[in-house]
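Undergrad: here is the input, now give the coordinates:
(one chain, ligands or ions: 2)
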Amino acid sequence: MTLPAATILGYPRIGRDRDLKRALEQHWRGAIDDAAFHERAHEIRVADARRLVDLGLVGDAAVPGEWAHYDHVLDAAITLGAVPPRLRDVVPAGPVSLAHEWLLARGEGDVPPLEMTKWLDSNYHYLVPELDAASTFALQDRRIVERFAAVRDAGVVTRPSIVGPATLLTLATGGGVRPIELVDRLVPAYRALAEALAEAGAPWLQIDEPALVGDWGHVSRAEVEAAVRAGLEAVRGTGVRILLAVPNGDASGRVEALAPLADAVAVDLVRGSVPAIGGTVVAGVVGGRNVWRTDLDAALETLRGIDAHVVVGTSTSLLHVPHDVDRETTLSDELRSWLAFADQKVAEVVTLASALSGADESAALGRARDALAARRVAPGVADGVVRDRVAAASAGDAERVAYDERVAAQADIVLPALPTTTIGSFPQTGDIRRARAAHARGELDDAGYRAAMEAEIRDVVALQERLGLDVLVHGEPERNDMVQYFAESLDGFAATAHGWVQSYGSRCTRPSILWGDVARPAPITVPWTAYAQSLTAKPVKGMLTGPVTILAWSFVRDDQPLADTAAQVAFALRDEVTDLEAAGTRIVQVDEPALRELLPLEEHRRADYLDWSVRAFRIATGGAAPGTQVHTHLCYSEFGSIIDAIDGLDADVTSIEAARSRMEIVDDIAGHGYPRGIGPGVWDIHSPRVPGADELDELLATATAGIPAGRLWVNPDCGLKTRGYAETEASLERLVAAAERARERIGATV
Ligand code: MET
Ligand SMILES: [Zn+2]
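TA: Ligands and ions are numbered 1, 2, ... in the order given. Now for the predicted structure:
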């Protein structure tokens with residue numbers, strides 16, 4: 001059976017109204033039982049599958065079936081029996097219950113969850129499979145088969161998908177073994193899955209191998225290729241046909257030798273070019289990673305140039321985009337006409353397939369052409385003043401005076417050795433959220449809102465003084481989200497009302513849409529920071545989100561290089577830094593947690609990325625006076641591999657997530673000879689656990705062993721907005737005490 005003419009590689013699974021999020025959270029708090037949860041999840045799957053059929057994905061296997069409750073990598077691990085060694089006695093072999101699935105995903109009591117890391121170069125977090133030399137695999141859990149059968153019984157024959165062996169092992173961690181070396185042990189479990197699907201009547205199985213497009217330090221290209229091959233060889237001849245999906249990058253040069261082992265190959269033609277393969281190619285001409293309307297003329301031309309049997313598809317799963325732009329009635333009609341969310345992308349795929357088959361789609365093609373033409377000349381898309389400023393940027397704009405001179409100029413910021421600080425946000429209480437929401441709805445006036453935020457800032461400053469922290473923050477109560485807050489205050493961005501995308505588990509974010517040239521009409525953060533500073537003699541850090549992170553966590557325009565957009569955002573932030581200084585702020589932190597996330601998967605594209613991203617940060621901070629202490633903050637990833645770029649940021653102080661990885665970064669820093677201030681996090685804020693005094697002492701001992709006392713800062717891993725006050729107070733108290741003990745231990749006083 002051949003594939004139908006139009007398909008997509010995956011669809012958002014959280015539900016049109018975040019129905020799955022609600023079901024998850026209700027189950028977690030015991031409001032619904034297992035049976036009710038399963039029923040709700042099934043209803044969401046059926047509704048989505050039927051919707052995709054209605055949108056035009058007709059024919060068996062046109063609708064993809066990727067339906068994880070929490071995460072698709074976790075689902076693959078569960079399916080194949082890859083239970084973490086530390087939980088072998090807790091999670092029995094066989095089907096994994098919901099309770100055990102949540103244990104793996106979220107931890108409980110003393111049991112930490114699987115580690116969470118960004119999926120490829122996206123802002124979606126997956127759970128990292130834990131393996132060891134004793135790991136064995138088998139088809140332990142038949143959820144993929146059962147879901148296929150249940151949705152088929154509801155009337156739609158879907159195409160189940162699973163993360164392939166090369167990708168699963170590349171993304172896994174191993175105790176005492178390199179996971180990729182376990183491939184021969186793993187692939188029979190894929191075979192068992194394929195056999196079970198064949199028996200259940202599934203015509204196709206999609207195996208996702210994005211690892212193929214990446215260059216991985218810990219796994220060679222030959223190893224990835226061999227693992228993909230082993231997987232494909234294992235699943236051959238079961239009766240289920242195999243779609244090898246290679247999304248998220250350029251498969252050319254990497255997939256040719258493997259293609260004959262699959263019945264069809266899906267490639268990303270938004271980021272990549274057409275590989276020379278015959279057979280059936282699912283041509284990913286509709287982008288799964290952005291929200292822009294596709295240039296259908298260009299896509300059609302690409303499709304017509306492919307020398308193979310062509311199925312029209314998406315470049316990646318649509319997991320990363322919201323459901324339906326037609327619901328965005330608060331956006332202008334004009335902006336909305338430039339956009340395509342998941343449902344519109346499905347329609348594009350269907351239109352292209354129809355046009356390719358010779359049908360008359362001139363009306364739809366014409367509408368797309370008109371919308372794109374209007375977008376090119378729409379007011380705000382190009383702002384002469386903004387462009388002139390970026391064009392006139394000089395090397396000097398990205399250059400501060402030498403670090404030593406800055407240290408001298410900052411001498412009047414009096415701090416003890418091993419200064420303590422936090423990353424910016426404090427717990428977001430119900431009161432704060434309610435006040436922000438009421439203000440947004442117009443029910444709380446500006447004065448009332450301001451009073452509510454100032455009251456919160458007073459409490460947060462008083463708390464920090466009581467705890468004895470050295471560099472204070474205002475707590476960021478006014479920020480719903482560290483990117484959206486800035487997006488709302490800058491020209492060139494638009495916010496959606498329903499544009500939720502899954503970030504991890506039940507967590508969703510609503511990325512802003514960066515559609516035009518970016519400018520700052522007025523100061524954004526200054527009044528809040530200045531107010532906090534007015535309450536204390538200790539220094540208060542001004543808090544900004546950096547240009548790279550603003551780009552990474554928004555849907556960014558696709559009509560100019562990211563580097564140009566980053567520079568525009570950087571200049572807007574640069575003005576904010578200047579205004580903070582004028583208001584008396586001596587320390588400014590520019591957060592770049594997403595610096596590592598946007599690092600291209602392909603080695604040859606990395607230097608250019610690091611070049612423009614570092615430059616953007618330096619433009620944002622390059623206008624700061626020598627006497628202004630510039631901080632940055634990095635989290636969410638392993639940063640060891642980009643330590644040169646971190647050095648290149650030239651921040652005076654960098655706080656970096658480290659507690660979760662037990663201070664791994666300290667070796668990288670020590671080995672590199674990183675010359676400026678650094679605060680490796682000592683409190684893992686992703687869990688409500690209060691760190692023990694011994695644990696803090698140990699982490700700080702590791703830090704003081706690798707980093708000179710004069711450059712070491714003491715801080716948590718990240719901001720505290722997801723924490724409650726009880727654990728925040730207890731943890732910060734211990735952190736301050738641990739810093740004090742560390743000072744005594746190393747005999748540092750100043
Ligand atoms: C994800 S990094 C967060 C940094 C921000 N300043 C905060 O504390 O919340
Ligand atoms: Zn952080």
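Undergrad: how far does stretch 290-300 sit from the chain's center?
TA: Mean C-alpha position of stretch 290-300 versus that of the full chain (Cα atoms, centre = their mean, to the nearest Å) differs by 24 Å.
Undergrad: residues in contact with that stretch?
TA: 285-287, 321-322, 325, 337-341, 344-345, 348, 351-352, 355-356, 364-365, 368-369, 371-372, 499, 513, 555-558 (Cβ atoms under 8 Å, 6 or more residues apart in numbering). C-beta coordinates here come from the backbone N, C-alpha and C atoms, glycine included.
Undergrad: who touches the residue of the stretch 301-450 of the chain at minimum distance from ligand 2 in this structure?
TA: Nearest to ligand 2 in the stretch 301-450 of the chain, going by Cβ to the ion, is I423, at a distance of 5.6 Å. Neighbouring residues of I423 by Cβ under 8 Å, 6+ apart: V473, D591, H633, C635, S655, N715, P716, D717, C718, G719, L720.
Undergrad: just checking: what are the partner strands of the helix or strand hosting the fifth one?
TA: The secondary structure element spanning S655 is strand 653-656 (assigned by DSSP states H and E). Counting by DSSP bridges, the strands paired with strand 653-656 are strand 629-634 (parallel), strand 677-680 (parallel).
Undergrad: can you pull out the helices in the stretch 201-350 of the chain?
TA: Along the stretch 201-350 of the chain, counting by DSSP state H, counting those that start in this stretch, helices occupy 221-235, 296-304, 333-337, 342-356.
Undergrad: can you check the stretch 551-700 of the chain too?
TA: Here the stretch 551-700 of the chain has its helices, by DSSP H, counting those that start in this stretch, at 562-582, 606-621, 643-649, 664-672, 693-706.
Undergrad: from the contact counts, what lies against the last one?
TA: Pointing back at helix 693-706 there. Applying 3 or more Cβ pairs under 8 Å, 6 or more residues apart in numbering; DSSP states H and E, one finds that helix 693-706 contacts helix 664-672, helix 725-746.
Undergrad: do the longest one and ligand 1 meet?
TA: No. Taking Cβ under 6 Å from any ligand atom as the criterion, helix 725-746 and ligand 1 are apart, separated by no less than 11.9 Å.
Undergrad: so how far is D564 from the spatially closest residue to A154 that is not a sequence neighbour?
TA: Spatial nearest neighbour of A154, chain neighbours left out: V46 (4.4 Å); criterion: Cβ to Cβ, 6 or more residues apart in numbering. In this structure, V46 and D564 are 44 Å apart, going by Cβ to Cβ, to the nearest Å.
Undergrad: over to T2?
TA: On the measure of Cβ to Cβ, T2 and D564 end up 43 Å apart.
Undergrad: re the thing from before, pick the most buried one from the helices of the stretch 201-350 of the chain.
TA: Stretch with highest mean neighbour count among those: helix 342-356 (a mean of 24; mean count of other Cβ atoms under 10 Å).
Undergrad: whichever helix or strand comes after that helix: how far from the chain's middle?
TA: Where DSSP H and E defines the elements, the next helix or strand beyond helix 342-356 is helix 362-377. Averaged C-alpha coordinates place helix 362-377 at 31 Å from its chain's average position (Cα atoms, centre = their mean).
Undergrad: quick check: buried residues in helix 362-377?
TA: A364, L365, A368, A371, L372, R375 (16 or more other Cβ atoms under 10 Å).
Undergrad: straight-line length of stretch 46-60, end to end?
TA: 15 Å (Cα to Cα, to the nearest Å).
Undergrad: ok and the residue in the stretch 251-400 of the chain nearest ligand 1?
TA: H320 (18.4 Å; Cβ to the nearest ligand atom).
Undergrad: A154 is in contact with D48, isn't it?
TA: No. A154 is beyond contact range of D48, at 11.1 Å (criterion: Cβ atoms under 8 Å).
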